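Undergrad: Please work out how this folds:
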Amino acid sequence: MAAGFIVVIALTTNYFNETSVELRCEHNSNQRVAVGFYRKVPYSNAFERTIAIGGKTENCTVTPLPDNVKCYCISEQNMGCKIYQQRPTNDGEKWKCAIPSNSIAVFSNIVRLSFSDSC
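TA: Have a look, this model is predicted:
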C-alpha cells in the first residue's frame, strides 16, 4: 500500500423484517484480505470475532456459521452476512468489522441492532 494511503472501512445494516438483518462490510484496501465480523452482546465487556470471510464472489471462504447466518462475498472489498431468526435477546447487540492493514487491525464504525425500531 502506498505511503499516506488511508484505509476506510464501513459497516451498514439493512433490516428485512422484525427478525432478520443484513450486515455489510465494505473497505477500500487494494490488498486481498479477510474481513472479521465482531459481535458484542448486551452486558458484555468485549467484542468477539464471530465471523471471518474473504475471497472473490465465485471463491468465497467463510468460517463455520450457525444455521441462522448466511455470509457471502459481493466483491473482494464488500462482504455481507444475513442473520435470520433473531430473538428479543439479540436486541442491543453491537457489531463491527475489521481488516488487517500493515499488520494492524482497522475497525469500522459500530452498529447497534434494534429490532423494535427497524420495521
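Undergrad: so who does the residue nearest in space to the middle of the chain touch?
TA: Note on the chain: the residue nearest the mean C-alpha position is F37, at 3.9 Å, using C-alpha atoms, centre = their mean. The neighbours of F37, taking C-beta atoms under 8 Å, 6 or more residues apart in numbering as the test, are 23, 25, 49-53, 81, 95-97. Glycine gets a C-beta too; all of them are placed from N, C-alpha and C.
Undergrad: So which of those residues is the closest to L113?
TA: Using C-beta to C-beta, W95 comes nearest to L113 of those, at 7.0 Å.
Undergrad: Packing partners of the helix or strand containing that closest one?
TA: Assigning secondary structure by DSSP states H and E places W95 in strand 94-101. Applying 3 or more C-beta pairs under 8 Å, 6 or more residues apart in numbering; DSSP states H and E, we find strand 94-101 packed against strand 9-17, strand 20-27, strand 35-40, strand 104-107, strand 111-112.
Undergrad: try 7 Å
TA: strand 9-17, strand 20-27, strand 35-40, strand 104-107 (3 or more C-beta pairs under 7 Å, 6 or more residues apart in numbering; DSSP states H and E).
Undergrad: Would you mind telling me which of those strands is nearest C73?
TA: strand 35-40 (9.0 Å).
Undergrad: Mind putting the helices and strands packed on strand 94-101 into JSON lines with mean pLDDT and distance to N68?
TA: As requested, those are exported to JSON lines (pLDDT from 0 to 100; distance: least, C-beta to C-beta, whole Å):
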{"stretch": "strand 9-17", "mean pLDDT": "91", "distance to N68": "13"}
{"stretch": "strand 20-27", "mean pLDDT": "94", "distance to N68": "9"}
{"stretch": "strand 35-40", "mean pLDDT": "95", "distance to N68": "13"}
{"stretch": "strand 104-107", "mean pLDDT": "92", "distance to N68": "25"}
